[in-house]
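A.B. asks: Need coordinates for the below:
(chains A and B, ligands or ions: 2)
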Amino acid sequence: MSLTNIRQGSLALVNVARVQSRGALYVAQSRIRQMMKWIWIILGIAVANPVLYLVSVGVGLGGLIDKSVGPAGVDGVKYLTFLAPALLAQAAIQGTIDETVFPTLEGFKWFKTFFSMNATPLSGKQISYGVFLAAIFRATYTVLLYFGVMWAFGALESVHAWLAIPTAIFAGASFGALMQALAAKLEDENIFFTVLGRFVMMPLFMFSGTFFPLTSMPSFLQWIGWISPLWHSTELGRHLTYGHPLSTTMIWVHFIFLSVMLVGGLYFSARIFTKRLAK
Amino acid sequence: MSNPLISARGLTKKFGDFTAVNGIDFDVFKGDSFGFLGPNGAGKSTAMRIIGATSQRTSGSVSILGKDPEINGPQIRAHLGVVPQQDNLDMQLSVVENLYIYGRYFGLPRKFVKNKIEELLTFAQLEEKRDTKVEALSGGMKRRLTIARALVSEPEILILDEPTTGLDPQARHILWDRLFRLKEQGVTLLITTHFMDEAEQLCDRLIVMDKGSIMAEGSPASLIKDYSTKEVLELRFGSDRNQSMADSLRSMCDRTEELPDRFLMYTDDGEALLEKIYAADFHPKTSLVRRSSLEDVFLRLTGRTLIE
Ligand SMILES: Nc1ncnc2c1ncn2[C@@H]1O[C@H](COP(=O)(O)OP(=O)(O)O)[C@@H](O)[C@H]1O
Ligand SMILES: [Mg+2]
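C.D. replies: Numbering: from 1, shown residues only, chains lettered A, B, ... in the order given. Ligands and ions are numbered 1, 2, ... in the order given. Below is the predicted model of the structure:
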């Protein structure tokens, strides 16, 4: 037996307008299908991470810090409350980087699946947006889980604590978009991973006002915070969750910084995808 | 005749200073099984990517289903099934999942895709592997899956770039059989290959390509008729003696070719020529009379063999 059913033919079957409006969603769906193959590992990490952090840094170190600074607290609150928005944003960033950088390398280089997607009505732009959307999905549930663990640990004293969820996802989205564009440009990924891990992620995590206010760092290191989406998002998160003082100007600065990174990252990512596919 | 489904004029593609496709012209009509025969580096894949509406041409004009791929890429790709030279399946997903997500990329309804998958699994003889991860399939199975995937949207034109390169003889024959069936159903096929037997088996019409240019065009039979004799006599004298024998044999027929391992004599009657050679007291180690093939056409046109 072979194709016995009556052939309708693509002219009757394929609705290009439909693909043009929903293409990115189709790509995101298949990315999520991929993700589901690793879902238990992803979820395991998503839970283990906050548990470890909260036990060691949050509760352990936090207890010491809270004791030594006394009722004034760090930035006026308990150490864990101060830390929470930064940890959430860090988790979101890690999630989006995993789901933008690896699939992008896989799609262009390892399995070349983007070339097969691009042989359908899908465009390079839709493929790039689809990968990005799936990454946001991952960041969202990672952050929600993280938040749940914090809640279970009693680490959330502010009723506005949940407002750190969107600011964290915002950070993940901005950084993820930029990293996706970079990954799409990449011919040799080995150096990239070394640089990304040691010279980008680590310093950003350490020097973005994550563990102590940026202003208490030596001024020659403070610029790292200024270029870090983690710091910008954390400042917003702290402001929203416990009223960390921010001037209106600074609120706009943080917001605009993250937005420019997001929009710019998406724009360049779409462009680079399109170009690389059309070679 | 009706309008061609694919039409190219002066199609050119450059990578920097290097010209991969050098001003080629061709037309493919509905129901054709059209081939690009040429050695590695001829520019076949580059031409396929342009016709596949993914790669941009440098100059010339191309029309596919009456549209320009530079302007209407998605509208054209909607009606193509593409089997690239390198399988680019999703290794982490199963056979069924690969077919399913691909169908969705064409915006096809879930239910249609699900039914179609059953039909394609049978067609590709992969029913037993339906839930196997692609990673674990053999080369021939991956190739059949890539072809099945390209058929999920019932394309008007199926583009196959070296469909059987890297497969063992049995896997090739299975694949040829599947492609025959498609041809019978009237699917327009565009096939590239560097195997002359594949071109002879599958193509009604083909162009012979070398270094980015078209050397000749026609049906396999007409190309052989135009560029070769009916038969070929192949002689081997042993590698050290082929050369000296060649010098004395050359006058015995109109056209000869010396290859490193054998000496070819073009004639309409191989047996008669062989008798003459024995009569003249030549004693080849082995001799073979065969029909001319596209390989001989290529040799005639370029002075080289298809597979170096
Ligand atoms: N993306 C590219 N960049 C530079 N050169 C390329 C690229 N793709 C193909 N080429 C060159 O173009 C020529 C034709 O390649 P190709 O179309 O793959 O030939 P074929 O498919 O006939 O073997 C080769 O010399 C190849 O190296
Ligand atoms: Mg090729």
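
A.B. asks: For residue A:137, list the residues it contacts.
C.D. replies: A:28, A:32, A:35 (C-beta atoms under 8 Å, 6 or more residues apart in numbering or on different chains). For glycine as for every other residue, the C-beta is placed from the backbone atoms N, C-alpha and C.

A.B. asks: Please narrow those to those residing in helices.
C.D. replies: A:28, A:32, A:35 (DSSP state H).

A.B. asks: Looking at these, spot the one nearest residue A:16.
C.D. replies: Lowest distance from residue A:16 to these (C-beta to C-beta) belongs to residue A:28, with 19.2 Å.

A.B. asks: Leaving out the residues flanking it, which one is nearest to the closest one?
C.D. replies: Nearest non-adjacent residue to residue A:28, counting by C-beta to C-beta, 6 or more residues apart in numbering or on different chains: residue A:133, 4.0 Å away.

A.B. asks: how about the closest residue to ligand 2 within the stretch 51-200 of chain B, what does it touch?
C.D. replies: Relative to ligand 2, the nearest point of the stretch 51-200 of chain B is residue B:85 (4.6 Å; C-beta to the ion). Residues counted as contacts of residue B:85 (C-beta under 8 Å, 6+ apart) are B:45, B:161-162, B:165, B:192.

A.B. asks: From those residues, which one has the minimum pLDDT?
C.D. replies: Ranked by pLDDT, those bottom out at residue B:165, which scores 87.

A.B. asks: That one should be in a helix, yeah?
C.D. replies: No - under DSSP: H, G, I helix; E, B strand; the rest coil, residue B:165 sits outside any helix and is assigned coil.

A.B. asks: gap between residue A:141 and residue A:99?
C.D. replies: Going from residue A:141 to residue A:99 by C-beta to C-beta, to the nearest Å gives 11 Å.

A.B. asks: which of the two has more neighbours?
C.D. replies: Between residue A:141 and residue A:99, counted using other C-beta atoms under 10 Å in any protein chain shown, the more crowded position is residue A:99 (29 against 15).

A.B. asks: Which secondary structure elements does the strand or helix carrying that one sit against?
C.D. replies: Assigned by DSSP states H and E, residue A:99 belongs to helix A:79-105. Applying 3 or more C-beta pairs under 8 Å, 6 or more residues apart in numbering or on different chains; DSSP states H and E, one finds that helix A:79-105 contacts helix A:16-36, helix A:39-53, helix A:62-69, helix A:124-152, helix A:164-185, helix A:229-242.

A.B. asks: Report the mean confidence score over the longest one.
C.D. replies: On average, the pLDDT along helix A:124-152 is 95.

A.B. asks: What angle do helix A:39-53 and that helix make with each other?
C.D. replies: Comparing the axes of helix A:124-152 and helix A:39-53 via axes from the mean of the first three to the mean of the last three C-alpha atoms, to 10 degrees yields an angle of 50 degrees.

A.B. asks: Which residue would be the closest one in the stretch 201-308 of chain B to ligand 2?
C.D. replies: Nearest to ligand 2, among the residues of the stretch 201-308 of chain B, is residue B:209, at 10.6 Å (C-beta to the ion).

A.B. asks: and that residue, that's in a helix?
C.D. replies: No - counting by three-state DSSP, residue B:209 is not found in a helix; it is strand.

A.B. asks: Tell me if I'm right that it and residue B:40 touch.
C.D. replies: No - the pair residue B:209 and residue B:40 does not pass the contact test of C-beta atoms under 8 Å, sitting 11.2 Å apart.

A.B. asks: follow-up on the earlier one: could you give the separation of the helix holding residue A:99 from the chain centroid?
C.D. replies: Here helix A:79-105 is found 5 Å from its chain centre; the criterion is C-alpha atoms, centre = their mean, to the nearest Å.

A.B. asks: does any bit of the helix or strand that comes right after that helix sit next to ligand 1?
C.D. replies: Counting by DSSP H and E, the next helix or strand C-terminal to helix A:79-105 is helix A:113-117. No - Helix A:113-117 stays out of contact with ligand 1 when judged by C-beta under 6 Å from any ligand atom, the minimum separation being 11.7 Å.

A.B. asks: So what touches helix A:113-117?
C.D. replies: Contact with helix A:113-117 is made by A:27, A:106-108, A:124, A:127, A:273, A:277, B:54, B:82, B:84, B:88-90, B:102, B:105, B:149, as judged by C-beta under 8 Å, 6+ apart.

A.B. asks: What residues of the helix or strand bottoming out on mean pLDDT in chain B count as buried?
C.D. replies: In chain B, no helix or strand scores lower on mean pLDDT, DSSP states H and E than helix B:242-249, which sits at a mean of 79. The neighbour-count check on helix B:242-249 (16 or more other C-beta atoms under 10 Å in any protein chain shown) flags B:242, B:245-246, B:249 as buried.

A.B. asks: One more: stretch A:132-147?
C.D. replies: A:132-140, A:142-147.

A.B. asks: near chain A, which residues of the stretch 1-150 of chain B show up?
C.D. replies: Residues of the stretch 1-150 of chain B that fall close to chain A, judged by C-beta under 8 Å from any C-beta of the partner chain: B:52, B:54-56, B:73-75, B:77-80, B:82, B:84, B:86, B:88-93, B:97, B:101-102, B:104-108, B:112, B:115, B:119-120, B:122-123, B:149.

A.B. asks: quick one, what contacts the closest residue to ligand 1 within the stretch 151-279 of chain A?
C.D. replies: Per C-beta to the nearest ligand atom, residue A:279 is where the stretch 151-279 of chain A lies closest to ligand 1, at 4.9 Å. Residues in contact with residue A:279 (C-beta under 8 Å, 6+ apart) are residue B:55.

A.B. asks: you'd agree it is in a strand?
C.D. replies: No - the assignment for residue A:279 is coil, going by three-state DSSP, so no strand is present there.

A.B. asks: one step back: by neighbour count, which of the contacts of residue A:137 wins?
C.D. replies: Neighbour count (other C-beta under 10 Å) singles out residue A:28 as the most crowded of these, with 21 neighbours.

A.B. asks: Touching, it and residue A:138? I think so.
C.D. replies: No - if you go by C-beta under 8 Å, residue A:28 and residue A:138 don't touch, sitting 10.6 Å apart.

A.B. asks: Can you list the low-confidence ranges for the stretch 151-300 of chain B?
C.D. replies: For the stretch 151-300 of chain B, no stretch is flagged by pLDDT under 70.

A.B. asks: and stretch A:176-192, does that touch ligand 1?
C.D. replies: No - for stretch A:176-192, no contact with ligand 1 is found by C-beta under 6 Å from any ligand atom; the gap never falls below 12.1 Å.

A.B. asks: Report whether stretch B:58-66 contacts ligand 1.
C.D. replies: No - between stretch B:58-66 and ligand 1, judged by C-beta under 6 Å from any ligand atom, nothing touches; the nearest distance is 12.0 Å.

A.B. asks: Give the rounded mean pLDDT of that stretch.
C.D. replies: Averaged over stretch B:58-66, pLDDT sits at 97.

A.B. asks: residues in contact with residue B:97?
C.D. replies: A:33, B:90.

A.B. asks: again with residue B:224
C.D. replies: B:292-294, B:296-297.

A.B. asks: The same query, at a cut-off of 6 Å, please.
C.D. replies: Residue B:224 sits next to B:292, B:297 when contact means C-beta atoms under 6 Å, 6 or more residues apart in numbering or on different chains.
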